[in-house]
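> give me a model of this one.
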Amino acid sequence: MKHVRQTHERGITTLTLDSPDNRNALSADLVAELANALRRSSVDQDVRAVVLDHSGPTFSAGADLKSPANPYAFVDLLRAIVELPKPVVARVDGSARAGGLGLLGACDLVLASASSTFAFTEVRIGVAPAIISLTLLPRMDARAAARYYLTGERFDAAEAARIGLVTEAAEDLDTAVREVSEAFRKAAPQGLAEAKRLVTARVLEAFERDAEDLVQRSASLFASAAAREGMTAFFERRDASWVL
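Below you'll find the predicted structure:
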């Protein structure tokens with residue numbers, strides 16, 4: 001079963017996360033398929049830009065707790081998006097949670113419908129947004145990151161735009177995606193690649209400096225007793241033991 005669907009139109013390749021039954025969770029299979037699709041897009045001269053879309057009402061719910069991706073594979077996927085010599089635009093029309101927000105941080109532009117919602121839910125199962133900090137902390141307002149990392153609160157697209165998580169909270173999402181796609185079609189491939197290198201430099205510095213530490217920290221957290229309790233409570237649809 002394929003988890004990523006690909007279409008192409010006039011220089012724009014759309015990669016659609018297509019695992020709606022588990023809310024496009026970041027399973028080992030989905031991460032591998034998306035990485036392979038990006039690798040092909042990177043060397044395909046007919047691809048001017050990539051749109052990362054989703055089927056179902058959830059862009060991505062984050063880590064697949066039943067079939068998780070290897071953390072190093074997830075880091076490699078995030079880096080592949082950042083280093084792709086072509087713009088990558090996320091199209092969000094619904095919800096995005098936890099690790100799914102790391103994908104958004106890796107993308108160059110994030111266009112979200114006004115009704116979309118976001119949340120860093122990791123703290124509620126006893127872990128933290130460790131690996132996804134590679135793409136998010138260089139882009140987000142620091143005070144906002146502290147609030148939403150620590151509280152796990154849900155916030156809307158307007159707030160996501162204010163704090164730097166998304167580029168635009170669009171009233172007409174399809175029009176917004178179409179407008180940036182037309183702009184990319186008018187741009188020289190070399191110009192796009194070099195402009196992207198300028199705006200992703202700080203993000204890549206975070207990978208060089210922090211990736212190994214954050215992978216180890218994430219692995220330690222997910223192996224902890226607190227995480228086991230949090231994930232068990234999640235699957236059993238009950239409050240975790242620490243809820244007051």
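> name the nearest residue to residue 200, sequence neighbours excluded.
residue 82 (5.1 Å; Cβ to Cβ, 6 or more residues apart in numbering). For every residue, glycine as well, the C-beta is placed using N, CA and C.
> can you give me the distance of the one you found to residue 45?
Going from residue 82 to residue 45 by Cβ to Cβ, to the nearest Å gives 21 Å.
> among those two, which residue is more densely surrounded?
Comparing residue 82 with residue 45 by neighbour count (other Cβ atoms under 10 Å), the higher total belongs to residue 82, at 21 against 7.
> and the more buried one, what pLDDT?
Residue 82 is assigned 98 on the pLDDT scale.
> can you verify my assumption that it contacts residue 207?
Yes - if you go by Cβ atoms under 8 Å, residue 82 and residue 207 touch, sitting 7.4 Å apart.
> report the distance from the lengthiest helix in the chain to the chain centre.
Ordering each helix of the chain by length in residues (DSSP state H) puts helix 189-222 first. Offset of helix 189-222 from its chain centre (Cα atoms, centre = their mean, to the nearest Å): 13 Å.
> now stretch 226-233
Per Cα atoms, centre = their mean, the centroid offset for stretch 226-233 relative to its chain is 23 Å.
> show residues contacting it.
By Cβ atoms under 8 Å, 6 or more residues apart in numbering, the residues outside stretch 226-233 that reach it are 65, 124, 125, 126, 127, 221, 239, 240, 241, 242.
> okay, now the unreliable bits of the chain?
Across the chain, the ranges flagged by pLDDT under 70 are 1.
> point to the residue nearest the middle of it.
residue 103 (1.5 Å; Cα atoms, centre = their mean).
> what's the neighbour count on residue 30?
23.
> cool, and the one 10 residues further on?
Applying the criterion other Cβ under 10 Å, we find 12 residues in the vicinity of residue 40.
> what residues of the helix or strand containing it count as buried?
Secondary structure from DSSP states H and E places residue 40 in helix 28-43. Using 16 or more other Cβ atoms under 10 Å as the test for burial, helix 28-43 gives 29, 30, 31, 32, 33, 34, 35, 37, 38, 41.
> now swap in stretch 134-145 and tell me
Judged by neighbour count (16+ other Cβ under 10 Å), stretch 134-145 contains these buried residues: 134, 135, 136, 137, 138, 139, 140, 144, 145.
> again, but for stretch 154-161
155, 157, 159, 160, 161.
> kindly report the same for stretch 41-57.
41, 47, 48, 49, 50, 51, 52, 53, 54, 56.
> cool, and stretch 221-233?
221, 222, 227, 230, 231, 233.
> for residue 243, helix, strand, or coil?
coil (DSSP: H, G, I helix; E, B strand; the rest coil).
> neighbours of it, just the number please.
Neighbour count for residue 243, taken as other Cβ under 10 Å: 8.
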